[in-house]
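S.K.: Any chance you could fold what I've pasted below:
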Amino acid sequence: MGPSFAFSPLESSRLKAGLIPATVSMEESAPAKESKKLSPQPYSIEQEKKTQRGYWVEVAGYGDSRYVYGQLQILGRGEVAGYLYQNASRQIYVVGEIVGSKRFLVRDTAGVIYRLRETKGK
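M.R.: Have a look, this model is predicted:
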């Protein structure tokens with residue numbers, strides 16, 4: 001014959017409901033080993049500004065084999081939006097993302113993809 005268990009009425013109702021009683025031990029454990037902390041890379045105030053939401057950058061590059069220039073605004077989480085110009089009369093609205101240091105990949109409403117580089121900050 002196996003071992004017998006005695007449960008209180010509350011424990012019996014929990015068992016019927018599918019809840020399994022558990023015992024928690026509050027023993028003191030060894031402290032966790034400290035992991036090596038990575039030191040942040042040094043950066044300038046200008047670099048910090050460029051990652052802040054709302055910062056505008058001047059860009060230039062190519063899309064559909066045509067040279068374009070313009071301004072992009074950093075929206076946050078690596079997203080950008082702004083306007084490009086093929087000449088003084090044609091303005092193109094674009095949205096896209098930051099793909100590297102001073103590099104952007106954006107798309108206009110017609111689906112044309114532009115690869116851009118930052119030329120200088122405002």
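
S.K.: CA only for contacts and neighbour counts going forward, please
M.R.: Will do.

S.K.: in the chain, which spans are helices?
M.R.: Counting by DSSP state H, the chain has helices at residues 9-16, 45-50.

S.K.: what's the least confident stretch among the ones you listed?
M.R.: Mean pLDDT is lowest for helix 45-50 among those, at a mean of 51.

S.K.: Next up, the contacts around Val95.
M.R.: If you count contacts by CA atoms under 8 Å, 6 or more residues apart in numbering, Val95 has them with Glu79, Val80, Ala81, Gly82, Val106, Arg107, Asp108.

S.K.: Can I get those residues in TSV including neighbour count?
M.R.: Converted to TSV, the contacts of Val95 look like this (neighbours: other CA atoms under 10 Å):
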residue	neighbour count
Glu79	18
Val80	24
Ala81	19
Gly82	20
Val106	23
Arg107	18
Asp108	18
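
S.K.: Which of the residues you listed fall in strands?
M.R.: Glu79, Val80, Ala81, Gly82, Val106, Arg107, Asp108 (DSSP state E).

S.K.: Chain neighbours aside, what residue packs nearest to the fourth one?
M.R.: Of all residues beyond its chain neighbours, the one nearest Gly82 is Leu72 (4.2 Å), with distances taken as CA to CA, 6 or more residues apart in numbering.

S.K.: Pick out whichever of the ones in strands among the contacts of Val95 sits closest to Tyr55.
M.R.: Closest approach to Tyr55 among the ones in strands among the contacts of Val95 (CA to CA): Val80, at 9.7 Å.

S.K.: Give me the nearest residue to that closest one, chain neighbours excluded.
M.R.: Counting by CA to CA, 6+ apart, the residue nearest Val80 is Ile74, at 4.7 Å.

S.K.: One more: Glu97?
M.R.: Residue nearest to Glu97 in three dimensions, not counting chain neighbours: Glu79, with 4.4 Å by CA to CA, 6+ apart.

S.K.: Mind listing the residues bridging to the nearest residue to Tyr93 once chain neighbours are set aside?
M.R.: Among residues not flanking Tyr93 along the chain, Tyr83 sits closest, at 4.6 Å (CA to CA, 6+ apart). Beta-bridge pairing for Tyr83 (DSSP bridges): Gln71, Tyr93.
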